[in-house]
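1. only geometry, no sequence info:
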Ligand code: RIB
(Lines give C-alpha, C1' and ligand atoms only; values in the text may rest on other atoms or scores of the structure.)
Protein backbone atom coordinates (compact mmCIF):
# COMPACT_ATOMS: atom_id res chain seq x y z
CA UNK A 1 0.00 0.00 0.00
CA UNK A 2 1.85 3.14 -1.15
CA UNK A 3 0.00 5.68 1.01
CA UNK A 4 -0.20 5.95 4.77
CA UNK A 5 -2.51 6.97 7.57
CA UNK A 6 -1.27 9.56 10.07
CA UNK A 7 -3.50 9.52 13.13
CA UNK A 8 -3.06 12.47 15.49
CA UNK A 9 -5.16 10.85 18.15
CA UNK A 10 -5.93 9.76 21.66
CA UNK A 11 -5.01 6.65 23.59
CA UNK A 12 -6.77 5.58 26.79
CA UNK A 13 -6.69 2.96 29.46
CA UNK A 14 -10.26 1.63 29.59
CA UNK A 15 -11.72 0.44 32.89
CA UNK A 16 -14.71 -1.65 31.84
CA UNK A 17 -17.48 -2.60 34.27
CA UNK A 18 -20.22 -5.04 33.26
CA UNK A 19 -23.41 -3.96 35.00
CA UNK A 20 -26.96 -5.35 35.05
CA UNK A 21 -28.16 -1.84 34.05
CA UNK A 22 -26.45 1.56 33.80
CA UNK A 23 -26.02 3.20 37.19
CA UNK A 24 -28.18 6.30 37.67
CA UNK A 25 -27.80 9.38 39.90
CA UNK A 26 -27.66 8.59 43.60
CA UNK A 27 -27.35 4.85 42.96
CA UNK A 28 -24.47 2.48 43.69
CA UNK A 29 -24.30 -0.85 41.84
CA UNK A 30 -21.92 -3.77 42.15
CA UNK A 31 -20.36 -4.64 38.79
CA UNK A 32 -20.65 -8.19 37.47
CA UNK A 33 -17.04 -8.02 36.27
CA UNK A 34 -14.22 -5.53 35.82
CA UNK A 35 -11.49 -5.54 33.16
CA UNK A 36 -8.78 -3.19 31.98
CA UNK A 37 -8.34 -2.85 28.21
CA UNK A 38 -6.32 -0.61 25.89
CA UNK A 39 -8.62 1.89 24.20
CA UNK A 40 -9.19 5.49 23.24
CA UNK A 41 -10.79 6.33 19.93
CA UNK A 42 -7.45 7.24 18.38
CA UNK A 43 -5.67 4.07 19.43
CA UNK A 44 -8.62 1.88 18.42
CA UNK A 45 -8.76 3.49 14.99
CA UNK A 46 -5.00 3.18 14.43
CA UNK A 47 -5.17 -0.46 15.38
CA UNK A 48 -8.14 -1.12 13.11
CA UNK A 49 -6.46 0.52 10.13
CA UNK A 50 -3.29 -1.49 10.74
CA UNK A 51 -5.26 -4.75 11.06
CA UNK A 52 -6.88 -3.85 7.75
CA UNK A 53 -3.43 -3.64 6.18
CA UNK A 54 -2.66 0.10 6.20
CA UNK A 55 0.67 1.69 7.06
CA UNK A 56 -0.20 3.70 10.18
CA UNK A 57 1.64 6.33 12.23
CA UNK A 58 0.04 7.11 15.57
CA UNK A 59 1.03 10.55 16.87
CA UNK A 60 -0.04 11.73 20.33
CA UNK A 61 0.77 11.65 24.03
CA UNK A 62 0.57 9.12 26.85
CA UNK A 63 1.63 9.35 30.48
CA UNK A 64 4.29 7.35 32.31
CA UNK A 65 1.63 4.62 32.71
CA UNK A 66 1.17 4.42 28.93
CA UNK A 67 3.67 1.69 28.07
CA UNK A 68 0.91 -0.95 27.51
CA UNK A 69 -0.77 1.44 25.06
CA UNK A 70 2.45 1.96 23.16
CA UNK A 71 3.05 -1.82 23.17
CA UNK A 72 -0.36 -2.72 21.76
CA UNK A 73 0.07 -0.26 18.89
CA UNK A 74 3.57 -1.43 18.18
CA UNK A 75 2.55 -5.09 18.18
CA UNK A 76 -0.07 -4.28 15.53
CA UNK A 77 2.65 -2.78 13.34
CA UNK A 78 1.71 0.86 14.01
CA UNK A 79 4.62 3.30 14.12
CA UNK A 80 4.73 4.98 17.53
CA UNK A 81 7.76 7.19 16.88
CA UNK A 82 5.46 10.20 17.25
CA UNK A 83 3.85 9.01 20.50
CA UNK A 84 5.40 11.09 23.28
CA UNK A 85 5.44 10.18 26.96
CA UNK A 86 4.68 13.24 29.07
CA UNK A 87 6.18 12.98 32.57
CA UNK A 88 3.58 14.87 34.58
CA UNK A 89 0.18 13.62 33.39
CA UNK A 90 -1.35 10.14 33.48
CA UNK A 91 -2.54 8.60 30.24
CA UNK A 92 -6.11 9.35 29.25
CA UNK A 93 -8.57 6.89 30.69
CA UNK A 94 -12.18 5.89 30.27
CA UNK A 95 -14.68 4.45 32.73
CA UNK A 96 -17.05 2.29 30.72
CA UNK A 97 -20.25 0.62 31.85
CA UNK A 98 -21.44 -2.20 29.60
CA UNK A 99 -25.01 -3.41 30.18
CA UNK A 100 -26.57 -6.80 29.48
CA UNK A 101 -27.62 -5.73 25.98
CA UNK A 102 -24.00 -4.83 25.11
CA UNK A 103 -24.72 -1.09 25.18
CA UNK A 104 -22.26 1.25 26.87
CA UNK A 105 -22.04 4.49 28.84
CA UNK A 106 -18.60 6.10 28.87
CA UNK A 107 -16.87 8.78 30.95
CA UNK A 108 -13.45 9.88 29.68
CA UNK A 109 -10.63 11.71 31.43
CA UNK A 110 -8.34 13.46 28.95
CA UNK A 111 -5.04 13.12 30.82
CA UNK A 112 -2.08 13.14 28.43
CA UNK A 113 -4.45 13.28 25.43
CA UNK A 114 -4.82 16.97 26.30
CA UNK A 115 -1.06 17.62 26.08
CA UNK A 116 -0.89 17.74 22.27
CA UNK A 117 1.43 20.58 21.31
CA UNK A 118 3.13 22.07 18.26
CA UNK A 119 5.58 19.22 18.57
CA UNK A 120 2.91 16.61 17.76
CA UNK A 121 1.28 18.75 15.07
CA UNK A 122 4.65 19.35 13.36
CA UNK A 123 5.46 15.66 13.59
CA UNK A 124 2.14 14.74 11.94
CA UNK A 125 2.63 17.37 9.23
CA UNK A 126 6.14 16.18 8.43
CA UNK A 127 4.83 12.66 7.88
CA UNK A 128 2.10 13.68 5.44
CA UNK A 129 2.60 13.39 1.69
CA UNK A 130 0.18 13.62 -1.25
CA UNK A 131 -2.26 10.70 -1.21
CA UNK A 132 -1.97 10.13 2.56
CA UNK A 133 -4.81 10.69 5.03
CA UNK A 134 -4.66 12.57 8.31
CA UNK A 135 -7.15 11.17 10.84
CA UNK A 136 -8.46 13.13 13.84
CA UNK A 137 -10.96 12.49 16.62
CA UNK A 138 -12.35 14.87 19.24
CA UNK A 139 -10.50 13.43 22.24
CA UNK A 140 -7.43 15.70 22.00
CA UNK A 141 -6.87 19.40 22.72
CA UNK A 142 -6.52 22.24 20.18
CA UNK A 143 -8.62 20.70 17.40
CA UNK A 144 -8.79 23.98 15.41
CA UNK A 145 -5.00 23.83 14.92
CA UNK A 146 -5.09 20.11 14.17
CA UNK A 147 -7.81 20.58 11.55
CA UNK A 148 -5.51 22.95 9.65
CA UNK A 149 -2.24 21.09 9.83
CA UNK A 150 -2.57 19.12 6.59
CA UNK A 151 -3.11 22.24 4.46
CA UNK A 152 -0.72 22.30 1.53
CA UNK A 153 0.58 18.76 2.06
CA UNK A 154 -1.66 17.11 -0.54
CA UNK A 155 -3.00 14.76 2.13
CA UNK A 156 -6.70 14.35 2.84
CA UNK A 157 -8.30 14.88 6.24
CA UNK A 158 -10.79 12.55 7.95
CA UNK A 159 -12.44 13.81 11.12
CA UNK A 160 -14.42 11.71 13.56
CA UNK A 161 -16.22 14.25 15.73
CA UNK A 162 -16.41 11.93 18.72
CA UNK A 163 -17.26 12.60 21.41
CA UNK A 164 -19.07 15.93 21.10
CA UNK A 165 -18.35 18.18 24.07
CA UNK A 166 -19.30 21.71 23.05
CA UNK A 167 -15.92 22.63 21.55
CA UNK A 168 -17.18 21.75 18.06
CA UNK A 169 -18.97 25.10 17.80
CA UNK A 170 -15.52 26.65 17.12
CA UNK A 171 -14.37 24.17 14.50
CA UNK A 172 -13.92 25.13 10.86
CA UNK A 173 -14.60 22.00 8.82
CA UNK A 174 -13.68 23.61 5.48
CA UNK A 175 -10.47 21.54 5.24
CA UNK A 176 -12.15 18.24 6.09
CA UNK A 177 -12.56 15.76 3.23
CA UNK A 178 -14.43 13.08 5.15
CA UNK A 179 -16.56 13.63 8.26
CA UNK A 180 -17.63 10.57 10.23
CA UNK A 181 -20.30 11.18 12.88
CA UNK A 182 -23.01 9.24 14.64
CA UNK A 183 -26.57 10.45 15.10
CA UNK A 184 -25.84 12.48 18.26
CA UNK A 185 -22.61 13.98 16.92
CA UNK A 186 -24.23 15.00 13.63
CA UNK A 187 -26.93 16.98 15.47
CA UNK A 188 -24.28 19.11 17.20
CA UNK A 189 -23.25 20.54 13.82
CA UNK A 190 -26.59 21.58 12.36
CA UNK A 191 -29.17 24.25 13.22
CA UNK A 192 -32.12 23.26 15.45
CA UNK A 193 -34.76 22.74 12.73
CA UNK A 194 -32.38 20.54 10.72
CA UNK A 195 -31.39 18.59 13.84
CA UNK A 196 -35.01 17.53 14.26
CA UNK A 197 -35.09 15.92 10.80
CA UNK A 198 -34.07 12.43 9.71
CA UNK A 199 -30.47 11.21 9.34
CA UNK A 200 -30.50 11.44 5.55
CA UNK A 201 -31.52 15.09 5.66
CA UNK A 202 -28.90 15.91 8.28
CA UNK A 203 -26.11 14.20 6.32
CA UNK A 204 -27.11 16.03 3.13
CA UNK A 205 -27.29 19.37 4.95
CA UNK A 206 -23.72 18.91 6.18
CA UNK A 207 -22.46 17.85 2.74
CA UNK A 208 -24.10 20.93 1.20
CA UNK A 209 -22.68 23.21 3.90
CA UNK A 210 -19.16 21.96 3.13
CA UNK A 211 -19.13 21.13 -0.62
CA UNK A 212 -15.67 19.51 -0.53
CA UNK A 213 -16.62 17.21 2.33
CA UNK A 214 -18.20 13.75 2.20
CA UNK A 215 -20.28 12.74 5.20
CA UNK A 216 -20.73 9.30 6.70
CA UNK A 217 -23.40 9.25 9.38
CA UNK A 218 -23.31 5.97 11.31
CA UNK A 219 -26.55 4.65 12.81
CA UNK A 220 -25.55 1.58 14.85
CA UNK A 221 -27.77 -1.39 14.09
CA UNK A 222 -29.59 0.68 11.45
CA UNK A 223 -26.48 0.98 9.28
CA UNK A 224 -25.31 4.29 7.82
CA UNK A 225 -26.01 7.19 5.49
CA UNK A 226 -23.32 8.41 3.09
CA UNK A 227 -23.77 11.86 1.59
CA UNK A 228 -21.25 12.15 -1.23
CA UNK A 229 -20.56 14.64 -3.99
CA UNK A 230 -22.97 13.03 -6.46
CA UNK A 231 -25.49 10.95 -4.55
CA UNK A 232 -26.65 9.90 -1.13
CA UNK A 233 -26.76 6.29 -0.12
CA UNK A 234 -28.01 4.24 2.80
CA UNK A 235 -26.37 0.97 3.80
CA UNK A 236 -27.82 -1.53 6.27
CA UNK A 237 -25.81 -3.09 9.09
CA UNK A 238 -24.67 -6.70 9.26
CA UNK A 239 -26.91 -8.42 11.84
CA UNK A 240 -24.87 -9.69 14.81
CA UNK A 241 -25.38 -10.70 18.43
CA UNK A 242 -24.19 -7.74 20.52
CA UNK A 243 -21.77 -8.45 23.38
CA UNK A 244 -20.14 -5.02 23.73
CA UNK A 245 -20.66 -2.12 21.33
CA UNK A 246 -17.53 -0.29 22.49
CA UNK A 247 -15.19 0.64 19.62
CA UNK A 248 -17.53 -0.59 16.87
CA UNK A 249 -17.34 2.89 15.35
CA UNK A 250 -13.56 2.87 15.69
CA UNK A 251 -13.26 -0.48 13.90
CA UNK A 252 -15.48 0.95 11.17
CA UNK A 253 -13.33 4.07 10.75
CA UNK A 254 -9.99 2.27 10.73
CA UNK A 255 -11.16 -0.20 8.10
CA UNK A 256 -12.78 2.56 6.05
CA UNK A 257 -9.60 4.65 5.92
CA UNK A 258 -7.43 1.62 5.16
CA UNK A 259 -9.66 0.71 2.23
CA UNK A 260 -9.66 4.26 0.87
CA UNK A 261 -5.86 4.38 1.14
CA UNK A 262 -5.78 1.16 -0.84
CA UNK A 263 -7.78 2.75 -3.65
CA UNK A 264 -11.03 0.93 -2.91
CA UNK A 265 -14.10 2.94 -3.99
CA UNK A 266 -16.26 4.53 -1.29
CA UNK A 267 -19.21 2.14 -1.64
CA UNK A 268 -17.06 -0.95 -1.26
CA UNK A 269 -14.98 0.66 1.46
CA UNK A 270 -18.17 1.34 3.44
CA UNK A 271 -19.23 -2.29 3.09
CA UNK A 272 -15.87 -3.53 4.36
CA UNK A 273 -15.96 -1.04 7.23
CA UNK A 274 -19.50 -2.05 8.16
CA UNK A 275 -18.45 -5.68 8.40
CA UNK A 276 -15.55 -4.69 10.69
CA UNK A 277 -17.82 -2.57 12.89
CA UNK A 278 -20.35 -5.39 13.17
CA UNK A 279 -17.70 -7.89 14.26
CA UNK A 280 -16.33 -5.48 16.88
CA UNK A 281 -19.73 -5.61 18.59
CA UNK A 282 -19.44 -9.38 19.06
CA UNK A 283 -16.36 -9.23 21.33
CA UNK A 284 -15.67 -7.48 24.66
CA UNK A 285 -13.39 -4.46 25.08
CA UNK A 286 -12.25 -1.75 22.70
CA UNK A 287 -8.92 -2.42 20.98
CA UNK A 288 -9.29 -6.10 21.86
CA UNK A 289 -12.54 -6.29 19.87
CA UNK A 290 -11.12 -4.98 16.58
CA UNK A 291 -11.46 -7.88 14.12
CA UNK A 292 -8.73 -9.28 11.94
CA UNK A 293 -8.82 -8.76 8.21
CA UNK A 294 -9.45 -12.47 7.77
CA UNK A 295 -12.52 -12.39 10.04
CA UNK A 296 -13.90 -9.40 8.16
CA UNK A 297 -13.39 -11.21 4.86
CA UNK A 298 -15.18 -14.27 6.18
CA UNK A 299 -18.19 -12.23 7.29
CA UNK A 300 -18.35 -10.63 3.85
CA UNK A 301 -18.07 -14.01 2.20
CA UNK A 302 -20.78 -15.63 4.31
CA UNK A 303 -23.00 -12.64 3.55
CA UNK A 304 -22.46 -13.11 -0.18
CA UNK A 305 -20.48 -9.85 -0.55
CA UNK A 306 -17.12 -9.28 -2.17
CA UNK A 307 -15.00 -6.21 -1.81
CA UNK A 308 -11.80 -5.49 -3.66
CA UNK A 309 -9.11 -5.32 -1.04
CA UNK A 310 -10.95 -7.62 1.34
CA UNK A 311 -8.96 -10.69 2.38
CA UNK A 312 -11.12 -13.05 0.36
CA UNK A 313 -10.67 -11.17 -2.88
CA UNK A 314 -7.19 -9.68 -2.63
O1 LIG B 1 -14.85 4.49 21.05
C2 LIG B 1 -14.54 3.73 22.20
C3 LIG B 1 -13.54 4.44 23.05
O4 LIG B 1 -14.12 5.61 23.55
C5 LIG B 1 -13.10 3.66 24.25
O6 LIG B 1 -12.00 2.84 23.99
C7 LIG B 1 -12.81 4.76 25.27
O8 LIG B 1 -11.47 4.89 25.57
C9 LIG B 1 -13.39 6.02 24.69
O10 LIG B 1 -12.42 6.87 24.23
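-> Yep, that arrived. Computed from a predicted structure; not experimentally measured.

2. for residue 287, what are its contacts?
-> Applying C-beta atoms under 8 Å, 6 or more residues apart in numbering, we find residue 287 in contact with 37-39, 43-44, 47, 72, 247. Every residue, glycine included, has its C-beta placed from N, CA and C.

3. between which two of the residues you listed is the distance greatest?
-> Across the contacts of residue 287, no pair lies farther apart than 72 and 247, at 12.7 Å, counting by C-beta to C-beta.

4. where does this structure have low pLDDT?
-> 1, 308-314 (pLDDT under 70).

5. for it, what lies in contact range of the ligand?
-> Proximity of the chain to the ligand, by C-beta under 6 Å from any ligand atom, involves residues 12, 14, 39-41, 44, 94, 106, 108, 139, 246-247, 249-250, 286.

6. restricted to helices, list the residues you listed.
-> Using DSSP state H, the subset of these located in helices is 41, 44, 249-250.

7. okay, and the beta partners of the residue of the stretch 1-150 of the chain found nearest the ligand?
-> The nearest approach of the stretch 1-150 of the chain to the ligand comes at residue 39, 2.5 Å away (C-beta to the nearest ligand atom). The bridge-partner assignment for residue 39, based on DSSP bridges, gives residue 12.

8. so it touches residue 94, yeah?
-> Yes: Residue 39 is within contact range of residue 94, at 5.9 Å (criterion: C-beta atoms under 8 Å).

9. for the residue most central in space within the chain, give me its contacts.
-> Nearest to the mean C-alpha position of the chain, by C-alpha atoms, centre = their mean, lies residue 250 at 3.4 Å. Shown in contact with residue 250 (C-beta under 8 Å, 6+ apart): 41, 44-45, 48, 280, 286, 290.

10. which non-adjacent residue is nearest it?
-> Excluding the flanking residues, the one nearest residue 250 by C-beta to C-beta, 6 or more residues apart in numbering is residue 44, at 3.4 Å.

11. the one you found: how many residues sit nearby?
-> Residue 44: 33 surrounding residues under other C-beta atoms under 10 Å.

12. looking at it, it is touching residue 288, isn't it?
-> No: the pair residue 44 / residue 288 is not scored as a contact, 9.7 Å apart, by C-beta under 8 Å.
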